[in-house]
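Asker: Sequence and predicted structure below; questions after.
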Amino acid sequence: MKRNGDFKGVVLGEGSTGKAVDPCLKNIWSSRVPPRVKIFIWKCVSNILPTKDRLRRRVVLLDSNCVLCQNANEDLLHLFLDCPFSCSLWFSTPLNMCTTRYPWTSFKEWWTHVTTQFKAMGCEENFDKMACLL
Ligand SMILES: [Zn+2]
């Protein structure tokens, strides 16, 4: 991404260090969703969103319960995949996804799995839908 937020003209497939770009990140940056959505997904797969588990490592935070259900510690996986509210939301979308089917170890693992499945089924447009739903 350029300093002005423009993604056009950025060479995909190779990072600034000359190393191969992670396919997961390449999918995000090459998607047709608005830049702010790309950045949000990048923060999710990089696990840098300020969820309560991360905030507790930096500041004193007494309440670590999920902001949605109040029944579990809030981390990225719980907030977006395991929380009953999130599960209901994902399942009620046109994508009809069950986010708790597998024991995901990271958001990036889930995201990579789902986007790979979309690609294998020839439904790449679902990537954009899922990105916007997130
Ligand atoms: Zn919850």
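Answerer: Perfect, I can see it now. From a predicted model like this one, the values you see are computed outputs, not experimental measurements.

Asker: mind listing what's buried in whichever strand or helix holds Lys129?
Answerer: Using DSSP states H and E, Lys129 sits in helix 125-133. Neighbour counts over helix 125-133 (16 or more other Cβ atoms under 10 Å) mark 126-127, 130-131 as buried. Every C-beta, even on glycine, is put in place using the N, C-alpha and C of the backbone.

Asker: Nearest to Cys24 among those residues?
Answerer: Nearest to Cys24 out of the buried residues of helix 125-133 is Phe127 (Cβ to Cβ; 11.1 Å).

Asker: my guess is that closest one contacts Ser31, does it?
Answerer: Yes. Contact criterion Cβ atoms under 8 Å: Phe127 and Ser31 qualify, at 5.8 Å.

Asker: Mean confidence (pLDDT) on the helix holding Lys129, please.
Answerer: On average, the pLDDT along helix 125-133 is 74.

Asker: pull the CA atoms of that helix into CSV?
Answerer: C-alpha atoms of helix 125-133 as CSV (Å, rounded to 0.1, in the frame of the first residue of the first chain):
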residue,chain,number,x,y,z
GLU,A,125,-16.9,-13.5,-5.1
ASN,A,126,-17.7,-15.0,-1.7
PHE,A,127,-14.4,-13.7,-0.4
ASP,A,128,-15.6,-10.1,-1.0
LYS,A,129,-18.9,-10.9,0.6
MET,A,130,-17.2,-12.4,3.7
ALA,A,131,-14.8,-9.6,3.9
CYS,A,132,-17.6,-7.0,3.9
LEU,A,133,-19.6,-9.0,6.5
